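Asks: my questions concern the predicted model and sequence given below.
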Amino acid sequence: MGEELPFRRYVSANVVALAPSGVALAILYWMGALAGHHALAAFVGIAVVTAILVHRYLHSLSRFARFVSELSGEQEPVMPRLSFAPATEELATAAATLAAGWRRQRASIDNLAASAQAIVDGLPDPLIAVDRQRRIVRSNRAAVALLGPLLPDRDLSTGLRQPELLAAIDSLLATADGNYVGPTHVAVDLVLSGVSERDVIAHARRLPRAAADGSLALVVLHDTTALRRAERMRADFVANASHELKTPIAGIMGFIETLRGPARDDAVARERFLGIMAEQADRMRRLVDDLLMLSRIEQHEHARPEAPVDVRRVLEGVRDLLQLKASSRKVAIELSIDPGLPQAIGDHDELTVVFQNLVDNAVKYAKPATTVKVAARLVGAERLAIAVSDEGDGIPAAHLPRLTERFYRVDNARSRLLGGTGLGLAIVKHVVNRHRGRLDIQSTPGKGSVFTVTLPAVAS
């Protein structure tokens, strides 16, 4: 009939059940209403019946206890039949109903928790929730991606070693006489070290009361690296542009004052100064033209061009345009275009600007009596690679990552002498980005440089 009952429990239950009958029989025997052997026989009979009833009753209680134990263990056992103990069967029914309700409520809570975590994981900014002791309660995917694994129940300092931020959070959680005495919100500027430094603003806010999971303060990290970099670039751009314009303007103003004064009647000086003024004015014109072009390209950089472009025609046009300049420096321009080269996806005029800048730079910096080679070939099934190589002095490796920055020059004096504005490669980079292409730069000091533009090809 199932598992064996403990012997001591069985004996004690029988003693308790037999006690009233035994006392009654003893009283009857003492009063002479019942003979001794009759009293003994009655007691034995009552003891046998009681033992059977007690055994069945205790067995029902044991099954009920096992059923409740299985319910508490998150199982769903079969309801036992306890017909011999109706009250116990009613208790079992009530316990099963209570357990079913608890499971439904638990499932609802788990679903809410999963939904809450999904919402938190969907936030673009890293978020960390901490409890009253500054221990991590939960974090989202963005926080793990930025800081690495954040183990629950560990102090926040294990993931964020920022004394200023930790002190600010401590001020949020500080209490006196059971009341919070610090601010409800703090913001701290941080610099997170790593492979690349990140500028971050940490916003920490204390909740009105602790959440169900123990969360009391939320820390949100807002990455401002791109914004700060853009601010620095904007400031550098304004400073560089003003400097580039200020020099020729100052020169022109100086020559004007000279022509109005000491050189008023000096025809030779006037012609020489006017020639220099024309060069400076042309320099400013080129600079303004490049700035306007760069601005137009940046405004439409997000819109990808979709027209087919004949790369051979573009490169031949650039060669013809720069042939005279190359000849004056005794530099040859050599085209090498694979037969059957497919068309590129892009904008004809913008690609002309790209390769005009690259070939013009190659001609400027190539050594006399050398060749600038322009090679176009198919890479894979969907990309074109156009490489412009020269035999110049080359570029030191330290300068390569910054070549496409606005106004960045490896040799300022030489660049200005050759008529460069410092914006050509910046224009190339933005046009290539708009075309969803790629610009690769390789250079060996003393041997020359190779600028390779990869563009999407028209599907054949």
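Replies: Received the coordinates, thanks.

Asks: so what's the residue nearest to residue 171 when sequence neighbours are not counted up against?
Replies: The shortest distance from residue 171 to any non-neighbouring residue, by Cβ to Cβ, 6 or more residues apart in numbering, is to residue 182 (4.1 Å). Quick note: C-beta positions are derived from backbone N, CA and C, even for glycine. Residue 182 makes contact with 171-174, 206, according to Cβ atoms under 8 Å, 6 or more residues apart in numbering.

Asks: 7 Å instead, please
Replies: By Cβ atoms under 7 Å, 6 or more residues apart in numbering, the residues touching residue 182 are 171-172, 174.

Asks: just the buried residues from these, in PyMOL please.
Replies: A single PyMOL command selects the buried members of those (16 or more other Cβ atoms under 10 Å):
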select buried, resi 172
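
Asks: Serialize the contacts of residue 182 to JSON lines and add fields for distance to residue 322 and secondary structure.
Replies: Below are those laid out as JSON lines (distance: Cβ to Cβ, whole Å; DSSP: H, G, I helix; E, B strand; the rest coil):
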{"residue": "171", "distance to residue 322": "65", "secondary structure": "helix"}
{"residue": "172", "distance to residue 322": "65", "secondary structure": "helix"}
{"residue": "174", "distance to residue 322": "71", "secondary structure": "coil"}
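
Asks: which stretches of the stretch 101-250 of the chain form strands?
Replies: Ranges of strands in the stretch 101-250 of the chain, per DSSP state E, counting those that start in this stretch, are 127-130, 136-139, 175-176, 179-180, 185-192, 198-206, 217-223.

Asks: quick one, which of those gets closest to residue 102.
Replies: Nearest to residue 102 among those is strand 136-139 (23.9 Å), distances taken as Cβ to Cβ.

Asks: the closest one pairs with which strands?
Replies: Under the criterion DSSP bridges, strand 136-139 sits next to strand 127-130 (antiparallel) in its sheet.

Asks: give the rounded mean pLDDT of the strand it pairs with.
Replies: Strand 127-130 shows a mean pLDDT of 92.

Asks: quick one: contacts of that strand?
Replies: The contact list for strand 127-130, computed with Cβ under 7 Å, 6+ apart, reads 120, 136-140, 143, 150, 156, 169, 215-220.

Asks: repeat that for 6 Å
Replies: 120, 136-140, 143, 156, 215, 217-220 (Cβ atoms under 6 Å, 6 or more residues apart in numbering).

Asks: ok now do the residue nearest the centre of the chain, which residues does it touch?
Replies: The residue lying closest to the centre of the chain (Cα atoms, centre = their mean) is residue 142, at 5.2 Å. Taking Cβ under 6 Å, 6+ apart, we find residue 142 in contact with residue 126.

Asks: skipping adjacent residues, who's closest to residue 445 in space?
Replies: residue 394 (4.0 Å).

Asks: mind checking how far the one you found is from residue 32?
Replies: Distance, residue 394 to residue 32, by Cβ to Cβ, to the nearest Å: 133 Å.

Asks: if we can go back for a sec, residue 271: which of the strands of the stretch 101-250 of the chain is closest?
Replies: strand 198-206 (54.8 Å).

Asks: which residue, other than its chain neighbours, is closest to residue 280?
Replies: Spatial nearest neighbour of residue 280, chain neighbours left out: residue 248 (3.8 Å); criterion: Cβ to Cβ, 6+ apart.

Asks: now do the same for the residue of the chain most remote from its centre: its pLDDT.
Replies: Distance from the centre of the chain peaks at residue 32, with 97.1 Å (Cα atoms, centre = their mean). Residue 32 is assigned a pLDDT of 76 by the prediction.

Asks: next one: residue 165
Replies: pLDDT, residue 165: 91.

Asks: cool, residue 281 as well?
Replies: Confidence score, pLDDT, at residue 281: 83.
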